[in-house]
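Visitor: Task: produce atomic coordinates for the following.
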Amino acid sequence: MSEDTTEPLVGPSILWKDLRVLLPDTEEELKLDLSEKVDRSVATLLRQALGLFYEGRWQKCLQASEAVLDYSWEKLNTGPWRDVDKEWRRVYSFGCLLKTLCLCQAPQKATAVAEALRVCDMGLLMGAAILGDILLKVATVLQTHLLPRKQPACGPHQDQPATKKAKHDASSTPDVVLDREVPRLRCPPLQHFKKHFLVPGRPVILEGVADHWPCMKKWRQRMSGTLLNTSCSTRSQS
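Guide: A predicted model of the protein is given here:
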């Protein structure tokens with residue numbers, strides 16, 4: 001029996017209530033506060049999407065939010081990641097937030113909410129914190145309400161003969177895949193990382209992507225000082 005992924009969610013109105021309470025009651029209370037670094041046309045489109053959301057025009061809001069994501073995604077993938085302005089990451093997060101919420105409207109299916117959670121995760125990964133880390137709160141709500149997939153029913157006599165034989169065959173050994181080493185990449189392009197690792201869910205060790213962070217420089221300086229003090233202490237004792 002194949003897995004059923006179209007099961008409707010339990011209490012969809014409860015899900016929407018839990019999501020809606022995370023946002024301000026009115027559009028006027030939601031402050032974008034975008035700087036001039038964001039193109040005026042994109043900022044206008046984002047405000048239009050917010051207006052459509054608060055008007056309850058979910059399909060139009062979904063289309064507008066996807067357009068915002070298209071524009072901001074291009075900005076995120078232009079040049080090295082360290083040069084991506086935080087304002088464009090915030091725009092991307094707003095687009096992910098609106099799309100996530102629109103996807104949680106009718107039809108209330110587990111597949112739709114699973115897609116909403118994926119969009120929310122992309123916002124957490126590629127965007128910047130907005131509205132008090134609202135994307136993290138939305139992801140928590142979606143994970144709570146998302147029903148697990150149905151598992152095939154198992155009875156006491158449903159094992160096939162081949163399965164029974166395998167269980168009692170002491171000489172049977174599992175197949176071993178030797179190529180299990182996690183690859184290492186140093187500062188890969190975002191598009192390459194998304195296509196080959198993020199989307200297929202493959203593990204990868206990223207090197208050098210945080211070298212430009214101020215905290216990394218302070219950490220190296222502190223570690224260098226600690227090693228120097230340790231070396232001097234060892235010499236004095238000897």
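Visitor: which parts of stretch 14-27 are buried?
Guide: Residues Leu15, Trp16, Asp18, Leu19, Leu22, Leu23 are the ones in stretch 14-27 that count as buried (16 or more other Cβ atoms under 10 Å). Glycine gets a C-beta too; all of them are placed from N, C-alpha and C.
Visitor: Just put these in a markdown table and tack on pLDDT and distance to Glu74.
Guide: Supplementary listing: those in a markdown table, determined by pLDDT from 0 to 100; distance: Cβ to Cβ, whole Å:
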| residue | pLDDT | distance to Glu74 |
| --- | --- | --- |
| Leu15 | 85 | 32 |
| Trp16 | 87 | 31 |
| Asp18 | 91 | 33 |
| Leu19 | 92 | 28 |
| Leu22 | 93 | 28 |
| Leu23 | 92 | 27 |
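Visitor: Out of those, which sit inside helices?
Guide: Among the buried residues of stretch 14-27, the ones falling in helices (DSSP state H) are Leu15, Trp16, Asp18, Leu19.
Visitor: tell me the contacts of the residue nearest to the third one when sequence neighbours are not counted?
Guide: Once flanking residues are discounted, Asp18 sits nearest to Val141: 4.8 Å by Cβ to Cβ, 6 or more residues apart in numbering. The neighbourhood of Val141, defined by Cβ atoms under 8 Å, 6 or more residues apart in numbering, consists of Leu15, Asp18, Leu19, Leu22.
Visitor: Name the nearest of the ones in helices among the buried residues of stretch 14-27 relative to Cys96.
Guide: Of all these, Leu19 has the smallest distance to Cys96: 13.5 Å, by Cβ to Cβ.
Visitor: Wait, the closest one touches Gln105, no?
Guide: No. With contact defined as Cβ atoms under 8 Å, Leu19 does not count as touching Gln105 (10.0 Å).
Visitor: Give me the pLDDT value at the residue nearest to Asp18.
Guide: Per-residue confidence for Val141 comes out at a pLDDT of 92.
Visitor: For whichever strand or helix holds it, buried residues please.
Guide: With elements taken from DSSP states H and E, the one containing Val141 is helix 134-145. In terms of neighbour count (16+ other Cβ under 10 Å), helix 134-145 has its buried residues at Ile134, Leu135, Lys137, Val138, Ala139, Val141, Leu142, His145.
Visitor: Stretch 58-66 now?
Guide: By neighbour count, and taking 16+ other Cβ under 10 Å as the criterion, the buried residues in stretch 58-66 are Trp58, Lys60, Cys61, Leu62, Ala64, Ser65.
Visitor: Filter the residues you listed down to the ones in strands?
Guide: Cross-referencing the buried residues of stretch 58-66 against strands under DSSP state E gives no overlap.
Visitor: And those, which is closest to Ala49?
Guide: Minimum distance to Ala49 across the buried residues of stretch 58-66 is 3.7 Å, recorded for Ala64 (Cβ to Cβ).
Visitor: Kindly report the domain assignment for this structure.
Guide: Under the assignment automatic domain parsing, the domains of the chain span 12-145, 184-237.
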